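Peer 1: using only what follows, build the 3D model:
(chains A and B)
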Protein chains: 2
Amino acid sequence: MSEPVQVSDPAGLVARGAALDAADELAPLRELFALNEGSVYLDGNSLGALPRHVPERVRDVMVRQWGELGIRSWTESGWWTAPERMGDRIAPLVGAAPGQIVVGDSTSVNVFKAVVAAVRLAGQDRASGRGPGSGQDRGSGQGPGSDEGRTEVLVDATTFPTDGYIARSAARMTGCRIVSLAPAELPAAIGPRTAAVLVNHVDFRTGRLHDLPGITAAAHEAGALAVWDLCHSAGALPVGLDAHGVDLAVGCTYKFLNGGPGSPAFLYVAERHQARFDSPLPGWNAHADPFAMADGFEAADGAVRGRVGTPDILSMLALDAALDVWADVRIADVRAKSLALTDFFLECVEAYAPPGRVSSPTPVAHAERGSQVALRCPEAPAVMDELIARGVVGDLRRPDLLRFGFTPLYVGFADAERAARVLGEVLAAVPGQVAPGRR
Amino acid sequence: MSEPVQVSDPAGLVARGAALDAADELAPLRELFALNEGSVYLDGNSLGALPRHVPERVRDVMVRQWGELGIRSWTESGWWTAPERMGDRIAPLVGAAPGQIVVGDSTSVNVFKAVVAAVRLAGQDRASGRGPGSGQDRGSGQGPGSDEGRTEVLVDATTFPTDGYIARSAARMTGCRIVSLAPAELPAAIGPRTAAVLVNHVDFRTGRLHDLPGITAAAHEAGALAVWDLCHSAGALPVGLDAHGVDLAVGCTYKFLNGGPGSPAFLYVAERHQARFDSPLPGWNAHADPFAMADGFEAADGAVRGRVGTPDILSMLALDAALDVWADVRIADVRAKSLALTDFFLECVEAYAPPGRVSSPTPVAHAERGSQVALRCPEAPAVMDELIARGVVGDLRRPDLLRFGFTPLYVGFADAERAARVLGEVLAAVPGQVAPGRR
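Peer 2: Numbers count the residues shown, from 1 in each chain, chains lettered A, B, ... in the order given. Below you'll find the predicted structure:
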C-alpha cells in the first residue's frame, strides 16, 4: 500500500482530461476568474472564485458612486432597487420568471422569513393569534390526535445546520413544532398537520441532490408549502423553481454564483403567494412607500416585500459584477459539464486511490448528484491538510469527509485528474487506519 | 424679501467661521475623506463620506484575501471573527467595554433580535410557551386588568419607522402588544406590564436627543428592559451604554461611522444579559461550535450569540478600514465640535434666512440636541433641490423638513456658514407661502 494502486492507466487519464478540456465549450470562461497558478480550486461550493473584473467594478462603486455622487447614488446609481434587480439577474439561473426574487440578508435570515411566511401562508400562525388554527392551545408538545391544524414544520434532518436552527426558531415563534426527517422520508410524512417542508436541494456533506419536484408535489398534495434551500444548487444545475411550483426558496450567492465572501443571499417568493406573503421582518425597505416614513406598515407589492433593511451596496454590487460571467452561459451546459467532471473525478479517484482508503457517499446516479464529490476517509483532517499543502484545495467536513466542489465555469477535467492523482499520492503518504501496522 | 435680511454682519460670520476652523483640533481629519470640492456635505447623517483609504483596503480584501488566499482567509485574514472584532472597535465610541457588540445584518434585523430577546429576558414570551407568563391567553387585545404578565412593548412613536414596524412584528411573535408613545411620555407609561422599551436615541426628523439615562432608569425601576437605537448617535456623541446600564442596543455604521452604503449594523448585548440572550435568529454563526455542524443548537458565549449567518466580508472590512479614522479621536471632542457647529449653523440661519420662512424643531438646549439641524419649511422639496443644485447637500424628510447633518470629522465651520448663506439665497429665490403675492 505504499504506492498508489494503478487500476487503470494514469497516462490515459491525463490524456483524457486534456481531450475533455479541449472539447469543453465552457473552458474559455476560466480566464474570467482569478485562480492561483499551480493549484486546483475545488472549494467553489464554499467560496466561489473571484471574477477578475470585480475589484475594478467595486472600486467604481466606492470611488465614484459613494465618494463622488454620495447619496445621489441611491437613485442615480440604482442602489435602492439593487435587491430586486439582482434578484431578476439570478432568476433565470434558478428557473424563475422575473419579479419573484430579492437579494439581501444572509441565508439564515432568509430561511427565517421563508419558514415563518410559509407557516402563515398555510394558515397556521397560532402564536400571533391570526391563523385559522388559532386557539387556546399551542402546537408544541401536543399529540397528533388533537385538533390542532397545521402545526408541523418538516425539516430535512441532513440539512445545513443553520436551516434547522432557524426553522426551529420559526416554529417556536409561530406555535408549530419541528419534525426532522431524512429527505427520502419526507413525502410519506407530509400530511394534514404539515404547514411547511424545508429541504436543502443538495446535501452539503454528501452532495446528494434531493427530489425537488417530488417533495414539492407531495407537499402540495397534502396542502402544505415547500421551501427549498438552493445554496448548493443555484448556479450549479437547473432548479426549475417555477416549473416545479416551488413556493418559497432561499439561496446564497457566494458559492456557485461567485459573489464574494458572505455576499447577500436571495429569497424567492412565488408570484401566487406574494400578495399574502407576511414577513416576520417587515423592515422599511418592504414598505409600499418607504420614504413616506409612515407609522403604519403597508407591504409593497411583489417580492420586494421580502426586503428588510437598507441593502448592503458594496456586496450587492460586487455580486452584480460577478453575475456578468453568466451572460452567455446556459445552465443546462453547466449541469452537463458538472456531471462529466464529477464522473471523471470519481473515475480518477478509483484509479489513483489505494483500495479501501476512501469511499464516496456521493450518489453515482446523475439524477441524485449535485456538483460536488464527497469522500469518506478516517484520516480526512490530515489528508485535507496535505492536499491543500500540495495545491489541491477542497475542504473538510468533520469528522471524516473530504469535500471537492466542481464549479464548471472555472474547473476543468485536467484539474479533476490532477486532484485525484494528488489525492492518491497523499493517501499513500498518510498512514491509514486500515493498515494499523504502519502507525 | 428679495434679499436676505441681514440681522448680523455676514462678513463677521465668514470670519468667525474661518477662526473657528483654524482653532479646531479635529479639522485635519477632513483630509482623510473624499469630499467634492465646491460643495458642502451635510448628509453624513444619512450616508457618511468615503474615507480616502477605504477603496485600496477593500481592493486588498478582494484581490489578495479573496482572489489569492480564498477560503484560507476565513482564518488567515480574520474573516470569521470580524463581526466581534468590529464590535470591539465600535465599543469605545458608544461607551461599551469589549465583548458586548457584534457587527452584522441590517439595523432592522438587529431591532428584531433585540426586541424579541428583551421580551424573553423580561420573562415574557407567551407565544413560545416558555416565559413565566405563559398561559392560555395572549396579550394582544387584552385589557390591562387581566393577569397577563409583561405583555407590552413600548415604542418611541417618533422613531425611524422600521423600528416600529419590526417591533410590532416582534411583539406579535412573542404574544405582546405595542404601545406607541412620544419619548417624553415613556417614563410615566413604563409599568408592571412593560417587557421592554424601544427608543431612538436621536429623532431622525428633528434631531432631538432623547434622555437615555432617564428612560433606561425608568425602565429598570419598573423591571423592564431598555433597547436603544443608536443610528443617529453612534460616532456623533457620547452614548455611555455601560455607564447608563442600557440592556440592548442597535445602530448602523453608514452614518457617522462612514462604513459605506448599507454597511452592516451592530448589536450590543450587555454582558449581564448575555448568558440568557435568546436570539430569534440563532444561525450557525451563533453556535458554540459552528464547524461541528451539529443538529442541535448550542449558543456561543458572549455577544457572539447575536450573530446569525455568514458575515458579509466586503462590507465588514470596508467598515474596518473606515473605523481607522477614529484612532486618535475622542468622542467628547466630536461632541463639543458638533454642538459648536450646530450652534453656529443655527446662528447663521437666523442671520441669513428671510424672516418667517423657516423654523427649527431642533432643540436649542445642548442636552437635547443630536448632531443635526432640521428646518421646517413649507417649500422644503423645492428648497432642498435648489440647495443641492448649489452644492449644499442636505436631505428632505417629507413633507416639509430640511435636514442638515453635521459630522465633525469632516464638516467645518466655514461649511456651516456657507450652507446657511446659500440657504438664505435659495429661500429668497424660491417663493414662500408667507408671501402669496409673490406666486
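Peer 1: phi, psi of the spatially most central residue of chain A?
Peer 2: The centroid of chain A falls nearest to residue A:231 when counting by CA atoms, centre = their mean (0.7 Å). Main-chain torsions, residue A:231, degrees, to the nearest 10: phi -50, psi -40.
Peer 1: list the contacts for it?
Peer 2: Residues counted as contacts of residue A:231 (CB atoms under 8 Å, 6 or more residues apart in numbering or on different chains) are A:107, A:160, A:200-202, A:204, A:250-252, A:255. Using the backbone N, CA and C atoms, a C-beta is placed for each residue, glycine as well.
Peer 1: where's the dip in pLDDT among those residues?
Peer 2: When the contacts of residue A:231 are compared on pLDDT, residue A:160 comes out least confident, at 91.
Peer 1: list the buried ones in the helix or strand of chain A with the lowest mean pLDDT?
Peer 2: Taking mean pLDDT, DSSP states H and E as the measure, helix A:10-22 is the helix or strand of chain A with the lowest mean score, a mean of 91. Using 16 or more other CB atoms under 10 Å in any protein chain shown as the test for burial, helix A:10-22 gives A:10, A:13-14, A:16-17, A:20-21.
Peer 1: just put those in a markdown table and tack on distance to residue B:389.
Peer 2: What follows is those, written out as a markdown table (distance: CB to CB, whole Å):
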| residue | distance to residue B:389 |
| --- | --- |
| A:10 | 71 |
| A:13 | 68 |
| A:14 | 67 |
| A:16 | 66 |
| A:17 | 62 |
| A:20 | 61 |
| A:21 | 57 |
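Peer 1: not counting sequence-adjacent ones, nearest residue to residue A:27?
Peer 2: In space, not counting the residues next to it along the chain, residue A:27 is nearest to residue A:21; the distance is 5.6 Å by CB to CB, 6 or more residues apart in numbering or on different chains.
Peer 1: if we can go back for a sec, and the contacts of residue A:231, which of them are in strands?
Peer 2: Secondary structure assignment by DSSP state E places A:200, A:250-251 of those in strands.
Peer 1: so which residues on the stretch 301-439 of chain A come close to chain B?
Peer 2: A:308-316, A:318, A:393, A:395, A:397-398 (CB under 8 Å from any CB of the partner chain).
Peer 1: okay, among those, which ones form the most distant pair?
Peer 2: When those are compared pair by pair using CB to CB, the farthest-apart members prove to be A:310 and A:398, with a separation of 36.5 Å.
Peer 1: packing partners of the host helix or strand of residue A:417?
Peer 2: Under DSSP states H and E, the secondary-structure element containing residue A:417 is helix A:413-429. Using 3 or more CB pairs under 8 Å, 6 or more residues apart in numbering or on different chains; DSSP states H and E as the contact criterion, the elements in contact with helix A:413-429 are helix A:10-22, strand A:40-41, helix A:331-352, helix A:380-389, strand A:392-393.
Peer 1: repeat that for 6 Å
Peer 2: Using 3 or more CB pairs under 6 Å, 6 or more residues apart in numbering or on different chains; DSSP states H and E as the contact test, the elements touching helix A:413-429 are helix A:10-22, strand A:40-41, helix A:331-352, helix A:380-389.
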